[in-house]
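Colleague: Here's a sequence, model it:
(4 chains)
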There are 4 protein chains.
Amino acid sequence: MTRFGYLGPEGTFTQMALLSWRPATSAQHVPFGSVDAALTAVREREIDAAVVPIENSVEGGVSATLDALASGAPLSVTGEVLVPITFVIAAREGVELADVRAIGTHSHAWAQVRGWAQQHAPEAGYVATLSTASAAADLAAGGAPFDAAVCAPVAAHNHGLQVLAHDIGDLSSAVTRFVVVSRPEWLPTPTGFDKTTVVLYQRSDRAGGLLELLEQLAARGINMTRLESRPTKESMGSYCFSIDLEGHVADARVGEALMSLHRVCAEVRFVGSYPAANGQAVSVDPLTSDTAFAEASSWLESLRHPGR
Amino acid sequence: MTRFGYLGPEGTFTQMALLSWRPATSAQHVPFGSVDAALTAVREREIDAAVVPIENSVEGGVSATLDALASGAPLSVTGEVLVPITFVIAAREGVELADVRAIGTHSHAWAQVRGWAQQHAPEAGYVATLSTASAAADLAAGGAPFDAAVCAPVAAHNHGLQVLAHDIGDLSSAVTRFVVVSRPEWLPTPTGFDKTTVVLYQRSDRAGGLLELLEQLAARGINMTRLESRPTKESMGSYCFSIDLEGHVADARVGEALMSLHRVCAEVRFVGSYPAANGQAVSVDPLTSDTAFAEASSWLESLRHPGR
Amino acid sequence: MTRFGYLGPEGTFTQMALLSWRPATSAQHVPFGSVDAALTAVREREIDAAVVPIENSVEGGVSATLDALASGAPLSVTGEVLVPITFVIAAREGVELADVRAIGTHSHAWAQVRGWAQQHAPEAGYVATLSTASAAADLAAGGAPFDAAVCAPVAAHNHGLQVLAHDIGDLSSAVTRFVVVSRPEWLPTPTGFDKTTVVLYQRSDRAGGLLELLEQLAARGINMTRLESRPTKESMGSYCFSIDLEGHVADARVGEALMSLHRVCAEVRFVGSYPAANGQAVSVDPLTSDTAFAEASSWLESLRHPGR
Amino acid sequence: MTRFGYLGPEGTFTQMALLSWRPATSAQHVPFGSVDAALTAVREREIDAAVVPIENSVEGGVSATLDALASGAPLSVTGEVLVPITFVIAAREGVELADVRAIGTHSHAWAQVRGWAQQHAPEAGYVATLSTASAAADLAAGGAPFDAAVCAPVAAHNHGLQVLAHDIGDLSSAVTRFVVVSRPEWLPTPTGFDKTTVVLYQRSDRAGGLLELLEQLAARGINMTRLESRPTKESMGSYCFSIDLEGHVADARVGEALMSLHRVCAEVRFVGSYPAANGQAVSVDPLTSDTAFAEASSWLESLRHPGR
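Modeller: The predicted model follows:
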């Protein structure tokens, strides 16, 4: 039976992502305590795939995921899921909003409800928790150093908490993007609405820098949808770049761009080509279509072998 | 008397940064519970300046700082401080490393000692805390859901904890970079070893993207030392760019580059020009020196007014 | 009285250009035997201006003009004139087309009627002459080593020759562009439909080459309408670039581009800003308008002097 | 027997080029009256190859050659020859320099001795001739409208003229570059010191212009040694670009650059890859070597077929 891991505990937005991922419907769902733990389990073949958050439209990139994908044994992203983020503030029975002295939740969630909290519970302090779900669990268990939790509606419900206010996110359009991570043993088939994720490590002896790398994409008409710099951890000021681009490694223009990056970078780590969650066909300039590349290739052959 | 805020509580690496910032020597030091709180206090004139972390060589950018500088009433970075990060693991008297079931610390610190923990305390869980110093404080106070804290040596000492192991960071060269943030009422004098921080918001109607922005720097021979993308929070996939570049806004080449960015961006938020902590003179191509710009300017004047 | 020189003799297309140049209407017209002679006369103040051909839509650039503008005492282009080129083949009375053994004309004209000649006078040889007008004059004078001349209609008429065929140019749309050249003592006022001509000499110690120069124009949204490489005459493979661009040196974007070229080139020779003959307003991206530059400039001032 | 054509008559610098072209040593040499005639003879299989001038270090590109290579039935450059240009001024017996009233020569030659003529024969007029050799021939034949000829030493000797002054070129380093032109039936083998000649026609619907084309070369580390714009003859302001670049079409980086140009141009006309006359090995960045391209290609294959 297929086993899918996720960043637990039960009741997190990550589980909601997993629940909406069709290929995982009949799989076993295994919660993990951290992104690292889930991805290590994939690497060690304890599970077949893991669903982990990679970025949030308010809080930005999830460092643990970005870093785990950028180093260590290769992993491959084989899909992505977008989950709209809706927060509730919940408490144990009998507690009113006016009574709340301290609010527990994950720091990323807190960042997204800070505006609401300043307005509706200006006196309440903040207590960081491991996850939004664990805030709910701790509160329900008693003894937590906070008297209200910010969490997903499902977590409040699971733990028998009372919702004090619904939909308290400062930005109603907040979305978290999750990726499905497998071992790099297979490659999803191109769909026409694909994304490719790579991590680029620069050569220390090249002056061109990031500009040179982006030019390789622009020269092939490839759109970049995400760029995140991450420290290489070697020294302050040394970064690698985690990039999502439109298209599939099987596309001629993406293949040529990756080859050119491979030449000019110290390392290019391919992290997968997979269908984009929005399902919108990638817009391709006819000059960079597979047909255009194939024509150029046979034209070159004719130049190189004029006698034929 | 001058008042300097910092990300507290006492005993954090941020306080260590403040202590090493010479202009703050005779100032009053005021701890704040969050980056936001400290920067709000600067904006509201409760304090004159605040010292907050902006990036770490292992964990990357500090979102709260990046985001607070990128929006809201203007603030200005007027200095930077680099602090080497050294962690200890500490516990209450009588607790041995072998007894430790759960370790409390800030998630950024945890990321930097994870390797050590997996090796020396593989069974111990992790409990996120507001700061490394609060982990020490909570542990000393009793009742914390963890029995060891990862913190700065000074915090262990302040709270009478026993150090179980010294210098447990996975990367001995870990450094955190702090910035001194003031209201934008004055501009530090150019020193020849300056940095400039800006936040760039792209126009939605321009195809060029980040590439076009970086070309404006490259065309004037300006080196970029940090680039961080941050969500604009409007929708998934919409980012702004927080950038550090070499040179001072008073330098001709930096001035011209900023003007050109101002033209092509939806918004350029200037976040300050200030002396680099490393004190190394910026290397300037003679073709982009102030002299070269001044010569070009008087040459242009002579073309425009041939009769003179 | 104003004196305008032109590439003579009477009856050339250059005189036709001069006749259509309104500022020369009441001036004295002085023919010269070569482009060099005419431009030397401008430099030595014998005449006030000269009209010389600079390029032809079939034959390309006129080297003598390009080279004379690119070196020596500075000259300034103050206007341009487009003249459609119409050729006739003419002979002395009594000569039929079938009798023609050799055709005399200037090599540029010959290039433009070669197709016609191959079809209608395939047996006739070609004799190069100094100009189309001199071909007509020599033929009329008798003793010329050819029995038909290719020239402008007016030249055939002036010399009493009989036209054997009209409008024999291979490309009916052939046009020659002439420039009005003065001493660099005044600059035509911007009109909104201006061109600027410059000659760029590269630094031998820069790797960027022509690409770097063109980027300076592209970065300011400036369109290039002509690029001609010319040998610097120093050694094989050493070239300078004669360039026409849209806009006037008084335009902010053109001024900034010229300053940047001045910095990165060994030499930028400014050859003038003048109204384009087609009278079509230059299309300017709002992001590179004078207003956009002025706004950027006052924004920069506010950054540099935050106290004001 | 192999037949090599050249731009005649006998005694021109072009014949000197042919004489120094080793593969033509035992071939029959056939003079032609014009570049066009020689190249037409190649196209029509009357001769096997033709030697024609393509550029001169003083006068620039030879339009007839550039245009003949840029359109019509395909031709292929298979070699190049550099010939130092030395001019003499010669006259019929008994004529002294002081007696000379008019000097006959080809306009390109005249441009290269103009300085000498202004100094030593300031009163003498100029008469254009078809070639330097024909000036000598006409003078020797009698009845020419000039009394001295500027030509190659060999032409003066052939026609029994008296040399009035030797080595009268204004620039002693003047060199003319000749190309050997064949039908495109075979491709010279790569030597490591090759050049490739192409003609690029831009798409009318692309904004990028020349800049975009040059970027394709720069992105593959390819050096351009000549760029000449030529009118497409369609309308004023419409140009194609004749380009020489370092490397052979068989080189991976050149092949990829040509394919990309093929995609973005309206037409790329390949005019040949051939050994450079200077015999200097092309300097190749290791990142754009054939090895680097091959490694990138097999890396891409491994990404596309992860199961293998």
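Colleague: Let me see the contact set for residue A:225.
Modeller: A:195, A:244-246, B:237 (CB atoms under 8 Å, 6 or more residues apart in numbering or on different chains). In short, each C-beta sits where N, CA and C put it, glycine included.
Colleague: Using the three-state scheme, assign it.
Modeller: Classification of residue A:225 using DSSP: H, G, I helix; E, B strand; the rest coil returns strand.
Colleague: And for residue A:306?
Modeller: Per three-state DSSP, the secondary structure class of residue A:306 is coil.
Colleague: Would you agree it is in contact with residue D:182?
Modeller: No - in this structure residue A:306 lies outside contact range of residue D:182 using CB atoms under 8 Å: 10.5 Å.
Colleague: Narrow the contacts of residue A:225 to those that are buried.
Modeller: Applying a neighbour-count criterion of 16 or more other CB atoms under 10 Å in any protein chain shown, the buried members of the contacts of residue A:225 are A:195, A:244-246.
Colleague: List the buried residues of the strand or helix carrying residue A:29.
Modeller: Counting by DSSP states H and E, the element that carries residue A:29 is strand A:28-32. The neighbour-count check on strand A:28-32 (16+ other CB under 10 Å) flags A:29-32 as buried.
Colleague: Just confirm yes or no for the next helix-or-strand element following it near chain B.
Modeller: From strand A:28-32 onward toward the C-terminus, using DSSP H and E, the following helix or strand is helix A:35-43. Yes - using CB under 8 Å from any CB of the partner chain, helix A:35-43 reaches chain B at residue A:36.
Colleague: Go ahead and flag the most central residue of chain A.
Modeller: Closest to where the C-alpha atoms of chain A average out (CA atoms, centre = their mean) is residue A:54, at 1.9 Å.
Colleague: Can you name the residues that contact that residue?
Modeller: Residue A:54 neighbours (CB under 8 Å, 6+ apart): A:61-62, A:65-66, A:80, A:177-179.
Colleague: quick revisit: in terms of neighbours, single out the busier of residue A:306 and residue D:182.
Modeller: Taking neighbours as other CB atoms under 10 Å in any protein chain shown, residue A:306 and residue D:182 compare with residue D:182 leading, 20 against 16.
Colleague: Show the contacting residues for that one.
Modeller: Residue D:182 neighbours (CB under 8 Å, 6+ apart): D:42, D:48-49, D:75-78.
Colleague: biggest separation within those, which pair?
Modeller: Spanning the widest gap among those are D:48 and D:77, at 14.1 Å by CB to CB.
Colleague: And these two? Which one has more around it.
Modeller: Taking other CB under 10 Å, residue D:48 and residue D:77 do not tie; residue D:77 has more neighbours (25 against 19).
Colleague: buried stuff in the helix or strand the more buried one falls within?
Modeller: Residue D:77 belongs to strand D:76-84 when assigned by DSSP H and E. Of the residues in strand D:76-84, D:76-81, D:83 count as buried by neighbour count, 16+ other CB under 10 Å.
Colleague: try stretch A:293-308
Modeller: Residues of stretch A:293-308 classed as buried by neighbour count (16+ other CB under 10 Å): A:293, A:296, A:299-300, A:303-304, A:306.
Colleague: from the chain's centre, how far out does the lowest-mean-pLDDT helix or strand in chain A sit?
Modeller: When each helix and strand of chain A is scored by mean pLDDT, DSSP states H and E, strand A:125-128 comes last, with a mean of 87. On the basis of CA atoms, centre = their mean, to the nearest Å, strand A:125-128 sits 25 Å off its chain's mean C-alpha point.
Colleague: who's in contact with it?
Modeller: With contacts defined as CB under 8 Å, 6+ apart, strand A:125-128 is touched by A:101-107, A:110, A:117, A:144-146, B:33-34, B:107, B:128-130.
Colleague: List the strands paired with that strand, with their directions.
Modeller: Strand A:125-128 has its sheet partners listed here by DSSP bridges as strand A:102-105 (parallel).
Colleague: now residue A:25: how far from residue A:3?
Modeller: 13 Å (CB to CB, to the nearest Å).
Colleague: ok, these two, which is more surrounded?
Modeller: Taking neighbours as other CB under 10 Å, residue A:25 and residue A:3 compare with residue A:3 leading, 17 against 11.
Colleague: which SSE is the residue nearest to residue A:9 when sequence neighbours are not counted in?
Modeller: Excluding the flanking residues, the one nearest residue A:9 by CB to CB, 6 or more residues apart in numbering or on different chains is residue A:133, at 5.0 Å. Following DSSP H and E, one finds residue A:133 within helix A:132-141.
Colleague: Please identify the buried residues of that helix?
Modeller: For helix A:132-141, by 16+ other CB under 10 Å, it's A:132-140.
Colleague: Repeat that for stretch A:198-214.
Modeller: Neighbour counts over stretch A:198-214 (16+ other CB under 10 Å) mark A:198-202, A:209-214 as buried.
Colleague: ok, and does that stretch reach over to chain C?
Modeller: No - on the criterion CB under 8 Å from any CB, stretch A:198-214 is out of touch with chain C, staying 10.1 Å away.
Colleague: Residue A:293 against residue A:257, yeah?
Modeller: No - using CB under 8 Å, residue A:293 is not in contact with residue A:257, being 11.3 Å away.
Colleague: what's the burial count for whichever residue of the stretch 1-150 of chain A sits closest to chain B?
Modeller: Nearest residue of the stretch 1-150 of chain A to chain B (CB to the nearest CB) works out as residue A:57 at 4.3 Å. Neighbours of residue A:57 under the rule other CB under 10 Å: 23.
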